[in-house]
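S.K.: Could you work out the structure for the sequence below:
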Amino acid sequence: MKQNFTVRRGALDGVEAFLSVAEHRSFRRAAAELGVTPSAISQVVRALETRVGAALFLRTTRSVGLTEAGERFLSRAKPAFEELVAASEVAGQLGERPAGLLRLAVPRSVVPILLEPLIASFCEAYPAVEVEIAVSEKLVDLAAEGFDAGVRMGEFIAADMVAVRLTPPFPFVVVGSPDYLSRRKRPERIDDLRDHACLRMRRSNGSVAPWSFVDSGKAVEAIVSGPLIAHDYPTVLGAAIQGAGLAQVPGPLAEAAVADGRLQALLTPFAVTTPGVFLYHPGRRQVLPKLRAFIEHVRYRSTDARFGKAI
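M.R.: As a prediction, this is how the structure comes out:
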């Protein structure tokens, strides 16, 4: 038999007053405990009895007792009310201090250059917070999938999200390995990419991303081709290091490989700049202390040289 779970409006009104009167067997002492007048307690209890449809107390000039209906109501209402109070306290703790499970949706490329250097220090600073990192290149619906926040490059964040900058703007760079460039002529112009094996990225919407540049102040998109299509930048970068072709990747991701000679930067005069990496979440009123602590930790404790000064 299907049950009706509809809660009547005001069904919980007066329950605390009822429990206090039942405990003290006195309207006056219940009123003192709750900080109201005895007449107010009496009115609330009478309203509760009206909604229940039965008298809950036996009242005389000398004493207050429970009716059979009151006994039954007490046996079910007291543990339920105590659970509600406990639930409120547990939930309130998450609003008072950083604690609980912090779920973040991040692209793979962000993990080594932004999160890995900070996770250990954050966990040490906030031991009551558990951090769960879900690596995905998809644009995640935070609310539907139960995430506290996501991390993305600025141009991919929906307008209704609150965005918090985590890094300065940085360029997208084209890179190639010395081995690959020993076999192919080094590109000097955007059009030269037609003669090169270009390693490409497939977007979360299924399309293959063109390579973006700036030429004489104008945005240019180049449709390139090559032997590999990947779904994340670290895979493309790794293939470029191995000599499979040229790659266009976020500058901070390639910086170490360029610095140690595994890759060479190409077409730098045409490099396009992205707004940077941002943490995004549904809204300021929904920011729990655990997320606020993480935002501040990342923004003010990051000293990773790949992003420049502390951010």
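
S.K.: Can you give the domain ranges for the chain?
M.R.: Structurally, the chain divides into domains by the TED database as follows: 15-95, 100-167+276-304, 170-274.

S.K.: Mean pLDDT and mean neighbour count added to those, as CSV?
M.R.: C-beta here means a position set from N, CA and C on the backbone, and glycine is covered the same way. As requested, the domains of the chain are exported to CSV (pLDDT from 0 to 100; neighbours: other C-beta atoms under 10 Å):
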stretch, mean pLDDT, mean neighbour count
domain 15-95, 83, 15
domain 100-167+276-304, 82, 17
domain 170-274, 95, 17
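
S.K.: State the distance from residue 269 to residue 253.
M.R.: When distances are taken as C-beta to C-beta, to the nearest Å, residue 269 and residue 253 turn out to be 20 Å apart.

S.K.: er, residue 225 actually
M.R.: From residue 225 over to residue 253 (counting by C-beta to C-beta), the distance is 22 Å.

S.K.: OK, contacts around the residue nearest the centre of the chain?
M.R.: Relative to the mean C-alpha position of the chain, the nearest C-alpha, by C-alpha atoms, centre = their mean, is the one of residue 149, at 1.4 Å. With contacts taken as C-beta atoms under 8 Å, 6 or more residues apart in numbering, residue 149 has the following neighbours: 104-105, 142, 279-281, 291, 294.

S.K.: If we use 10 Å, what do you get?
M.R.: Contacts for residue 149 were tallied using C-beta atoms under 10 Å, 6 or more residues apart in numbering; they are 102-106, 142, 161-162, 164, 279-282, 287, 291, 294-295.

S.K.: Also residue 262?
M.R.: For residue 262, the contacting residues are 175, 177-179, 237, 240-242, 254, 256, by C-beta under 10 Å, 6+ apart.

S.K.: part of a strand, is residue 221?
M.R.: Yes - when the secondary structure is assigned by DSSP: H, G, I helix; E, B strand; the rest coil, residue 221 falls within a strand.

S.K.: For it, which residues count as its bridge partners?
M.R.: When assigned by DSSP bridges, residue 221 has beta-bridge partners residue 212.

S.K.: That one against residue 193, yeah?
M.R.: No - in this structure, residue 221 is not within contact of residue 193 by C-beta atoms under 10 Å, at 11.6 Å.

S.K.: Now the common contact residues for those two.
M.R.: Each of 211, 213 lies in contact with both residue 221 and residue 193 under the rule C-beta under 10 Å, 6+ apart.

S.K.: right, and out of the contacts of residue 262, which lies closest to residue 83?
M.R.: Taking C-beta to C-beta as the measure, residue 83 sits nearest to residue 237 out of the contacts of residue 262, at 52.2 Å.

S.K.: Can you show me the helices along the stretch 1-150 of the chain?
M.R.: Along the stretch 1-150 of the chain, the stretches classed as helices by DSSP state H, counting those that start in this stretch are 15-24, 27-34, 38-52, 68-96, 110, 116-125, 142-145.

S.K.: Could you check how far the nearest residue to residue 64 once chain neighbours are set aside is from residue 17?
M.R.: Counting by C-beta to C-beta, 6 or more residues apart in numbering, the nearest residue to residue 64 once its immediate chain neighbours are dropped is residue 25, at 4.9 Å. Distance, residue 25 to residue 17, using C-beta to C-beta: 14 Å.

S.K.: anything in contact with each of these two?
M.R.: Taking C-beta under 10 Å, 6+ apart as the contact rule, residue 25 and residue 17 touch no residue in common.

S.K.: What is the burial count for the nearest residue to residue 154 once chain neighbours are set aside?
M.R.: Computed as C-beta to C-beta, 6+ apart, the closest residue to residue 154 that is not its neighbour in sequence is residue 275, at 3.3 Å. Look at residue 275: counted by other C-beta atoms under 10 Å, it has 16 neighbours.

S.K.: which ones are touching residue 134?
M.R.: 103-106, 140, 145-147, 150.

S.K.: Residue 30 now?
M.R.: With contacts defined as C-beta under 10 Å, 6+ apart, the neighbours of residue 30 are 16-24, 36, 38, 41-42, 44-45, 64.
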